[in-house]
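J.: Below are the sequence and a predicted model for it; my questions follow.
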Amino acid sequence: MNRREPLGIAVIGTGRMGADHVRRIDRVISGARVAAVVDVDEERAKTVAAGIDGCTAHTDADEAMASPDVDAVLIASSGPAHEAALLGAFARDLPVLCEKPLTPDAASALRVMEAEQALGHRRVQVGFMRRYDTEYVRLKALLGTGQLGRPLMLHNRHRNVASPSFFTSSMLISDSVAHEVDVTRWLLGHEITAVTVLRPTPSSGAPEGLRDPQFVVLETDGGALSDVEIFVNCGFGYQVQAEAVCERGTARIGDGHQLVTNMAGRWGGTIAQDWTERFAQAYDDEVQAWVDATRRGEVTGPGTWDGYAAAAVCEAGVRALEQGGRVEVELADRPPLYA
Ligand code: NAD
Ligand code: ISE
């Protein structure tokens, strides 16, 4: 593409993430502008479009994607709406940044992967933004040097202050642990082969009927184990931590120690309250990397294969949650397009 003009982006879904990405494209990053926004909630789309020069508001994604001002698409609608938006973008051969999950289940992710292969080239970056977080990037680089030796285990903690009212027990896996699934695959360079989910007595702070917290164990084809404490109603803050245990040492991120104060006989700091705060830099760098790559005519970062693999692992995880025991992941062969 190699263009001088800013990239015209249609943002599909203007809820919490979509509106934040609109702000980011409009005010934070360079090389792009918000050309159109889409939401089934017309008022929401109009409100978000207001105040952005030349931005049109739509309730229909196809109508927005047909505009000559639109060069690329950022999908931030709810997960079940992603497949239709992705196929619409492929029909126009538009580059896409699709928020996680690529789609909510493995069968639909496979359909998307087949449609992209029919195009003959990659078009999708998936919004696994932790790959752009400075701390995760440092951990990945350290593991890559080999100084610590072979990684044996990853211990992950993923805590949210409170879950939204629509959150179900399976969404702790498919919506939240999906990030650790991607991080495990990316940090270790392994595929995940089996999932076990252990369920302590739910917290009294969790909504009635929600299995929260859960303890998830991921086995990899490289012989490593990755465990995840997922606790989405911890009440006190947003925490994402990871510790790699290797043959000659360990490395840990996510302690949030940027600023430690000492006062009145106590020491301490603050805890982020949500992902927009904890991962602000990662989202900025993710979207900037996507815009830069798209302007160069390239596709970089986590792609459709990663979105599909995460969906397949999460599906096994949801089965493990529901039926108990260890469930093996059923993964299709990796197509040459994603080699
Ligand atoms: P949200 O409910 O706040 O917003 C979703 C928006 O999509 C709503 O405004 C809804 O009206 C709209 N929508 C639904 N179906 C649509 C359709 N067919 N066409 C157009 N608009 C449609 O949800 P959210 O928290 O903003 O999440 C959006 C996406 O971002 C999800 O995929 C979610 O998993 C992902 N997400 C990612 C992160 C992250 O850390 N990367 C964090 C939160 C959410
Ligand atoms: C949400 O959708 C996200 O992606 C957040 O990063 C995660 O922490 C949260 O648990 C999910 O519900």
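T.: Thanks, I have the structure now. Note that the coordinates shown come from a computational prediction; the quantities given were computed from them, not determined experimentally. Ligands and ions are numbered 1, 2, ... in the order given.

J.: what sits against the residue nearest in space to the middle of the chain?
T.: With distances taken as Cα atoms, centre = their mean, Phe128 lies nearest the centre of the chain, 3.1 Å away. Contacts here follow Cβ atoms under 8 Å, 6 or more residues apart in numbering; on that basis Phe128 touches Lys100, His179, Asp182, Val183, Trp186, Gly301, Pro302, Asp306, Ala310. Placement of C-beta: from N, CA and C, glycine included.

J.: which residues touch the closest residue to ligand 2 within the stretch 101-250 of the chain?
T.: Ligand 2 sits closest to Ser176 of the stretch 101-250 of the chain, with a gap of 3.4 Å, by Cβ to the nearest ligand atom. Going by Cβ under 8 Å, 6+ apart, Ser176 touches His158, Asn160, Ile230, Val232.

J.: For it, what are phi and psi?
T.: Per-residue torsions, Ser176: phi -100, psi -60 (degrees, to the nearest 10).

J.: what are the ranges of the strands in the stretch 151-300 of the chain?
T.: Remark: strands assigned in the stretch 151-300 of the chain by DSSP state E, counting those that start in this stretch are 151-159, 192-198, 214-220, 225-231, 239-246, 250-253, 261-263, 266-268.

J.: buried residues in stretch 85-99?
T.: Buried residues in stretch 85-99, counting neighbours by 16 or more other Cβ atoms under 10 Å, are found at Ala85, Leu86, Gly88, Ala89, Phe90, Leu94, Pro95, Val96, Leu97, Cys98, Glu99.

J.: ok, and which of the contacts of Ser176 reach ligand 2?
T.: Asn160, Val232 (Cβ under 6 Å from any ligand atom).

J.: which of the contacts of Ser176 lies closest to Tyr338?
T.: Using Cβ to Cβ, His158 comes nearest to Tyr338 of these, at 26.4 Å.

J.: for the residue of the chain found nearest ligand 1, what are its contacts?
T.: With Cβ to the nearest ligand atom as the measure, Gly15 is the residue of the chain nearest to ligand 1, at 1.8 Å. Applying Cβ under 8 Å, 6+ apart, we find Gly15 in contact with Asp39, Arg44, Ala76, Ser77, Ser78.

J.: Ok, Gly235 next?
T.: The contact partners of Gly235, by Cβ under 8 Å, 6+ apart, come to Val161, Ala162, Gly205.
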